[in-house]
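Trainee: Next come a sequence and a model predicted from it.
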2 protein chains.
Amino acid sequence: MGKEITSRSEDYSQWYLDVVKKADLAENSDVRGCMVIKPYGYSIWEKMQQGLDKMFKDTGHVNAYFPLFVPKSLFEAEEKNAEGFAKECAIVTHYRLKTDPNNKGKLIVDPDAKLEEELVVRPTSEAIIWSTYKKWIQSYRDLPILINQWANVVRWEMRTRLFLRTAEFLWQEGHTAHSTEKEAVAETVQMLDVYADFAENFMALPVIRGRKSESERFPGAIDTYCIEAMMQDGKALQAGTSHFLGQNFAKAFDVKFTSKEGKLESVWGTSWGVSTRLMGALIMAHSDDDGLIIPPKLAPIHVVIVPIFKTEEELEKISAKVQELTSALRKQGLSVKFDNRDTHKPGFKFAEYEMRGVPVRIAIGPRDLESGTVELARRDTKEKKVYAFDEVVKIVTPLLDEIQANIYQRALKFREEKTTYVDTYEDLKKVLDDKGGFVMAHWDGTAETEAIIKDETKATIRCIPLDAPEEQGKCVYSGKPSSRRVVFARAY
Amino acid sequence: MGKEITSRSEDYSQWYLDVVKKADLAENSDVRGCMVIKPYGYSIWEKMQQGLDKMFKDTGHVNAYFPLFVPKSLFEAEEKNAEGFAKECAIVTHYRLKTDPNNKGKLIVDPDAKLEEELVVRPTSEAIIWSTYKKWIQSYRDLPILINQWANVVRWEMRTRLFLRTAEFLWQEGHTAHSTEKEAVAETVQMLDVYADFAENFMALPVIRGRKSESERFPGAIDTYCIEAMMQDGKALQAGTSHFLGQNFAKAFDVKFTSKEGKLESVWGTSWGVSTRLMGALIMAHSDDDGLIIPPKLAPIHVVIVPIFKTEEELEKISAKVQELTSALRKQGLSVKFDNRDTHKPGFKFAEYEMRGVPVRIAIGPRDLESGTVELARRDTKEKKVYAFDEVVKIVTPLLDEIQANIYQRALKFREEKTTYVDTYEDLKKVLDDKGGFVMAHWDGTAETEAIIKDETKATIRCIPLDAPEEQGKCVYSGKPSSRRVVFARAY
């Protein structure tokens, strides 16, 4: 296993694709724009799912499952949503193949099996879910409904990139229904906070919580909240969104309830989602020129143990000692792998587990057995240190916490260094070109200014931060008054 | 919540649909043949997933994810498989909608966005997976590949029924690749055993492990193994299948490997799956005229505690005591719900949790507080018994084991009573008509006889049991020699 990955400084995009490939995370399939998530990549996604699923359940949500297909007439009911997704929908028009009469052994679409109404492969599930909620909701007693779905969705993107933008991707989508606006807004913000918590505490990824400008909102939403993260090339990546839908979908699907006061009212809604895109964020935020770096909380393997041996007898002796170690570490809830393959040399294995981002590597050879020690290497800093057997059992768990914290701090420090406050349009452009990163600037709040800046700089308003202090200033472009800086950046 | 379900004796089919509806498990959607799995139903499915997923991982499998779509040219590569599924495939032909020029606000399929090659929504994933394995396999060192996928699949069934037969369903599909026939056959049988283990020990569902006759095989398989269960109406239900694919898919997709001896050989394959159909089996095997009965190992709620109170003061006192109880039970790993709603009476709640199949119900009122007791009711037998507080904490966990065992034994006893050995065709027909159930009879092994019997009796050969003793006999239809009885039954 050579270190055949392009360095970040040479070509960041290629470096990303190399890491995805060499760490065995995913690959392109024979279907345009659709990826195969390979076992190692999927095992990281499973860790993400477990972490998120628990947080959703802890905040009172339950899982359910709704159909993959949306009949066209339902799909078009909420006009803005339909308009927003119409251009990238896979459409099922037929329900049968038949043998090609002119070419035996080949199949053709059976023209007699045309659907009366075409089906849209869900790009998102608001339409099918709100058409279902209509049947479930009559009274305020039926509310709130707090449902999440783990599913695949399809958006026919023209330019795709593993994990970051694929025609089919995996995600979770929460869809909640409430009796009051206040409650729905609170839910929207709560789920944004859940995402921020997950990003920071599981993914070790510092994020800015904010609201999207009107032009960047989810189609059909009144307000879109998001978390924005910075990648190592200084570009922004939207890592999760939470939408306050107002009564838009309730009105489109005629979902009304009788309030406590006996009045018939439209239901308030939210939706929120994160996807396998998070895998892309995880990779791009932390990894280095030797491969993947995974925060311990999402690592499928916490510790890999590599024996250094020449003879079978040596391996046997080492294995006996390793068994004590693995058993002690597993009792602490750690995932431990002992790689005793005799087909590969230790150096090859070292590089392989570095590539795969295993947080802690322990090497143990005949001399270690004599001295009662092991050599431990951290993936994040590449530091190596020798520990006594008894000691190593005690230090691994706290070390993993330290690694988790270190990865987060490193990303936070990077983001802070790459965040610049500017007060003129010249500076905005200059910083975007020379330094990149997040540029904090005043904006007059108009879509016109936003569009011009986007057109001229390729930077978008990533969000209007929730935590930024109020600050009187002037829009860098128009000079009109502004009360808060927003985040400009080029983005994935 | 009235007991508005049809009795089993009156109309078994309607009883099933009533239980699915009243226990809030699933409902039909606005998409033909596709269901909505409601939160309570989905929580049982999640329990099934967890149980199965652990068993797959314990037997060395890993999860991965492959595309939803299969290009038509790949789909048709394995001819028998393609032929078997061609008649029930949803086909994506376009990738965009546009505004209807004649009807603003409505959308039409954009004729300019026709795909060059149509995409089949996967009815099963052998084609897309083997076309991927081709890239992964060069040498014997790359084998075995032991992969499972949790996914949705679509089979355009004309007559659908919640959980049992739906156009879209959720399932897991294992796809493994091996260097030898022996290893692939062993894998096929191993996974059949995993399914039997899961059915018997989680679902409390006795099953017969067997092989399908040639005409009932999975399209593209050399051999199909299955587990067959009996429902309460005496009909059979296929609860899981495991296929030995031989080299069929390897040859169709040109997947070859270099053996240890340096020879280029085709890879051997297996595939195996169970689906949300298991939900249907679970319901139909155990439930009664009061609703669902769930074996404790799959119950989302093990214990529900219902307070009996008139005043808020009474509820407060009861709640304090209940808190001790729930905390003690949760420490044992049990899922406990305290239903303290003041909007519904205890009798209503009792019926509701019976309908939902919660294995143990504990009721506690002011008099119980005085006497230091609770009333406990088992869902499976409807027995009620009074226990002292201290005692109840100790008996619930063993009681749940007892309930699990009892539900299994009841189903086993039922199956045994409904299994009949016959030696003439007259008896076969008579038993099928009068008594139903499994009929064990000799068969000459020919597809002709099988077809005639199926046509005349509506019964199919469910399987050739693996565990049945060899026994010389004569085919009930043709009189030709047979060495083993097979299972005939009408089936779902």
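Mentor: Right, received. Where do you want to start? Residues are numbered from 1 along each chain as shown, chains lettered A, B, ... in the order given.
Trainee: which one's the longest helix in chain A?
Mentor: Secondary structure assigned by DSSP state H gives helix A:389-417 as the longest helix of chain A.
Trainee: Now do that one, average pLDDT.
Mentor: For helix A:389-417, mean pLDDT rounds to 97.
Trainee: Could I get the buried residue list for it?
Mentor: Within helix A:389-417, the residues scored as buried using 16 or more other Cβ atoms under 10 Å in any protein chain shown are A:389, A:392-393, A:396, A:399-400, A:403-404, A:406-408, A:410-411, A:414-415. For every residue, glycine as well, the C-beta is placed using N, CA and C.
Trainee: repeat for stretch A:442-456
Mentor: Counting neighbours by 16+ other Cβ under 10 Å, the buried set in stretch A:442-456 is A:442, A:443, A:444, A:445, A:449, A:450, A:453, A:454.
Trainee: chain center to that stretch, what's the gap?
Mentor: 28 Å (Cα atoms, centre = their mean, to the nearest Å).
Trainee: avg pLDDT for the helix or strand harbouring residue A:48?
Mentor: Secondary structure from DSSP states H and E places residue A:48 in helix A:39-58. Across helix A:39-58, the average pLDDT comes to 98.
Trainee: tilt between it and helix B:39-58?
Mentor: Using axes from the mean of the first three to the mean of the last three Cα atoms, to 10 degrees, one finds that helix A:39-58 and helix B:39-58 are set 150 degrees apart in direction.
Trainee: moving C-terminal of helix A:39-58, what's the next helix or strand?
Mentor: strand A:62-63.
Trainee: Tell me which residues are up against that following strand.
Mentor: Contacts with strand A:62-63, where a contact means Cβ atoms under 8 Å, 6 or more residues apart in numbering or on different chains, come from A:53, A:56, A:146, A:147, A:148, A:149, A:150, B:39, B:42, B:43, B:46.
Trainee: next one: stretch A:27-42
Mentor: Outside stretch A:27-42, the residues that touch it by Cβ under 8 Å, 6+ apart are A:20-21, A:23-26, A:45, A:156-157, A:160, A:162-163, A:166-168, A:170, A:276, A:279, A:300, A:356, B:62-71, B:74, B:119, B:128, B:131-132, B:135, B:147.
Trainee: coming back round to it: now render the contacts of strand A:62-63 as TSV, adding neighbour count.
Mentor: TSV is the format used below for these (neighbours: other Cβ atoms under 10 Å in any protein chain shown):
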residue	neighbour count
A:53	16
A:56	22
A:146	20
A:147	24
A:148	24
A:149	20
A:150	18
B:39	18
B:42	26
B:43	20
B:46	16
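Trainee: which among those gets closest to residue B:287?
Mentor: residue B:43 (16.5 Å; Cβ to Cβ).
Trainee: Is it correct that residue A:289 is in contact with residue A:7?
Mentor: Yes - with contact defined as Cβ atoms under 8 Å, residue A:289 reaches residue A:7; the gap is 4.7 Å.
Trainee: overlap in contacts of those two?
Mentor: Joint contacts of residue A:289 and residue A:7 (Cβ under 8 Å, 6+ apart) are residue A:15.
Trainee: got the contact list for the helix or strand encompassing residue A:453?
Mentor: Following DSSP H and E, one finds residue A:453 within helix A:447-457. The contact list for helix A:447-457, computed with Cβ under 8 Å, 6+ apart, reads A:213-215, A:425, A:428-429, A:432, A:443, A:459-461, A:475, A:477-478, A:488, A:490.
Trainee: Give the next helix or strand downstream of that helix.
Mentor: Following helix A:447-457 in sequence, per DSSP H and E, is strand A:460-465.
Trainee: any idea which of the buried residues of helix A:389-417 is closest to residue A:285?
Mentor: Looking across the buried residues of helix A:389-417 and measuring by Cβ to Cβ, the closest to residue A:285 is residue A:411, at 5.5 Å.
Trainee: still on that earlier bit, which of the contacts of stretch A:27-42 are buried, as a ChimeraX select command?
Mentor: The ChimeraX command for the buried members of the contacts of stretch A:27-42 (criterion: 16+ other Cβ under 10 Å) is given here:
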select /A:20,21,23,25,26,45,156,157,160,162,163,166,167,168,170,276,279,300,356 /B:62,63,64,65,66,67,68,69,70,71,74,119,128,131,132,147
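Trainee: Among the contacts of stretch A:27-42, which lie within strands?
Mentor: Counting by DSSP state E, the part of these found in strands is A:26, A:168, A:170, B:62, B:63, B:69, B:70, B:71, B:119, B:147.
Trainee: Need the max-distance pair from the contacts of strand A:62-63.
Mentor: Farthest pair in the contacts of strand A:62-63 (Cβ to Cβ) is A:146 and B:46. Separation: 16.0 Å.
Trainee: Run through the neighbouring helices and strands of the helix or strand where residue A:198 lies.
Mentor: Here residue A:198, judged by DSSP H and E, is contained in helix A:181-201. Secondary-structure packing of helix A:181-201 (3 or more Cβ pairs under 8 Å, 6 or more residues apart in numbering or on different chains; DSSP states H and E): helix A:39-58, strand A:168-178, strand A:208-211, strand A:223-230, strand A:236-246, strand A:268-275.
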